[in-house]
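Novice: please find the sequence and the predicted model below.
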Amino acid sequence: MKKILIIGVIAVIVAVATFVVNQADEPALTEQKISEQNSLNASGEAVKSEDSNSTPQDSDESIEEVEAGVMVVDDSPLTDSEKYCEQLAASPEITKYREVSLETYKKVYSQVGDSTYEKLPLESVKSYADNGEASAMWHYGVEVMWKEALGSYRNPVNQEKPFTQEELWEVLKKHDPNFEMFNHGKEYAFRAAIQGRVGAILETANMETFLARQIKIREGRDKDAINVLASAVAHIKLMEYIHRNDPSVIANMGFEERIKNKISTAYNYEEFMENEEFTQQLNNKVKQLLPELERQWKEHRLQQSLPIHLDLFDDELEAAFMDYADQCL
């Protein structure tokens, strides 16, 4: 008999805990790929990145690929505990949890299904966003942030010409970000999150990480780079606030690992953490930014008669999954 890792839970963890940019149509420059490519020093010369920490939650794997990759482990007989976990995985509660997770992923954390906006020029997307369409806000906000962080629009429709990966890299080397426009895009992404497209918050954190890296490498301005990086960290922590009623989501999101990955994208992680001035600045800025983000989130959600904290699963499903996770994950 072949051992089967709990496919339902793998799908749940990928769908609920990994949401965000990983499933968006990124052309080439994800966190993982940027950290694996050559970095640039302040003079514009290419140098190898010293830190390329990447984790499964920052990969480009789809849910189907993850499931396919972990399904078969070996051919040895199942132990009693493995049989028990397999039975739990097939239980009505965990099955329902998986179904809710996948549906939630599509509606709340992913841009999948929004392909219409990928076919429209930016100003057309903005017009939909300005008319209150949350998906358009997400697309428009991220597209603007992408341009200002990385030097070129993500969507080929908005590019002056198609770029090869090498050309994109050259654009990035010469790019000077427009902070006013970046913040303009961030505002739209936040508005999308307020209306329920919460994945836009994590996309904002990714874009801010890229922006911090560009400031640090191109201009060597550590203070400004760390302030932007602190905003990325604060947005990740905002997700914990938003998901206060969903302990299973909090348990699986890996907040600390996400924060580590953000720091590693802009800096050598070990060197950064050993620099007391850098870590103090980062922590102080996060403490300043996070309460304001929470205040804005609370204020805008209440204005629209929306709950402050998401509650994706009823208590029975939540308890069933947490019990399952404690015993089997």
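Specialist: Thanks, I have the structure now.

Novice: so how far is the top helix by length along the chain off the chain centroid?
Specialist: Scanning the chain for the longest helix, with DSSP state H as the assignment, gives helix 276-303. Distance of helix 276-303 from the chain centroid (C-alpha atoms, centre = their mean, to the nearest Å) equals 18 Å.

Novice: and that helix, what does it pack against?
Specialist: helix 179-194, helix 222-242, helix 269-274 (3 or more C-beta pairs under 8 Å, 6 or more residues apart in numbering; DSSP states H and E). Bear in mind the C-beta positions are built from the backbone N, C-alpha and C, glycine included.

Novice: in the stretch 51-200 of the chain, what spans have low per-residue confidence?
Specialist: 51-75, 111-115 (pLDDT under 70).

Novice: got the contact list for residue 223?
Specialist: Applying C-beta atoms under 8 Å, 6 or more residues apart in numbering, we find residue 223 in contact with residue 281.

Novice: can you list contacts of the helix or strand following the longest helix of the chain?
Specialist: Note on helix 276-303: by DSSP states H and E, the next helix or strand toward the C-terminus is helix 315-328. With contact meaning C-beta under 8 Å, 6+ apart, helix 315-328 is reached by 6, 9, 12, 84-85, 88-89, 91, 93-94, 96-97, 100, 246-248, 251-252, 313.

Novice: the same query, at a cut-off of 6 Å, please.
Specialist: Contacts of helix 315-328 with the rest of the structure, by C-beta atoms under 6 Å, 6 or more residues apart in numbering, involve 85, 88, 93-94, 96-97, 248.

Novice: greatest separation within those: which pair is it?
Specialist: Farthest pair in the contacts of helix 315-328 (C-beta to C-beta) is 85 and 96. Separation: 17.3 Å.

Novice: before we move on, the earlier item: out of the helices and strands packed on helix 276-303, which gets nearest to residue 293?
Specialist: Closest approach to residue 293 among the helices and strands packed on helix 276-303 (C-beta to C-beta): helix 222-242, 4.8 Å.

Novice: now that closest one: buried residues?
Specialist: Buried positions in helix 222-242, judged by neighbour count with 16 or more other C-beta atoms under 10 Å: 222, 225-239, 242.

Novice: could you do stretch 100-116 as well?
Specialist: Neighbour-count burial for stretch 100-116 [16+ other C-beta under 10 Å]: 100-102, 104-105, 108-111, 114.

Novice: can you list the residues you listed in a markdown table and add secondary structure and distance to residue 133?
Specialist: As requested, the buried residues of stretch 100-116 are exported to a markdown table (DSSP: H, G, I helix; E, B strand; the rest coil; distance: C-beta to C-beta, whole Å):
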| residue | secondary structure | distance to residue 133 |
| --- | --- | --- |
| 100 | helix | 25 |
| 101 | helix | 25 |
| 102 | helix | 23 |
| 104 | helix | 20 |
| 105 | helix | 20 |
| 108 | helix | 16 |
| 109 | helix | 17 |
| 110 | coil | 16 |
| 111 | coil | 13 |
| 114 | coil | 10 |
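
Novice: turn the residues you listed into a markdown table, columns for distance to residue 153.
Specialist: Putting these into a markdown table (distance: C-beta to C-beta, whole Å) gives the following:
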| residue | distance to residue 153 |
| --- | --- |
| 100 | 35 |
| 101 | 32 |
| 102 | 30 |
| 104 | 29 |
| 105 | 26 |
| 108 | 25 |
| 109 | 22 |
| 110 | 20 |
| 111 | 15 |
| 114 | 16 |
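
Novice: neighbour count winner among residue 85 and residue 96?
Specialist: The neighbour comparison of residue 85 against residue 96 (other C-beta atoms under 10 Å) goes to residue 85, with 20 against 16.

Novice: so which helix or strand takes in the more buried one?
Specialist: Judged by DSSP H and E, residue 85 forms part of helix 80-89.

Novice: give me the buried positions along that helix.
Specialist: Buried residues in helix 80-89 (16+ other C-beta under 10 Å): 82, 85-86, 88-89.
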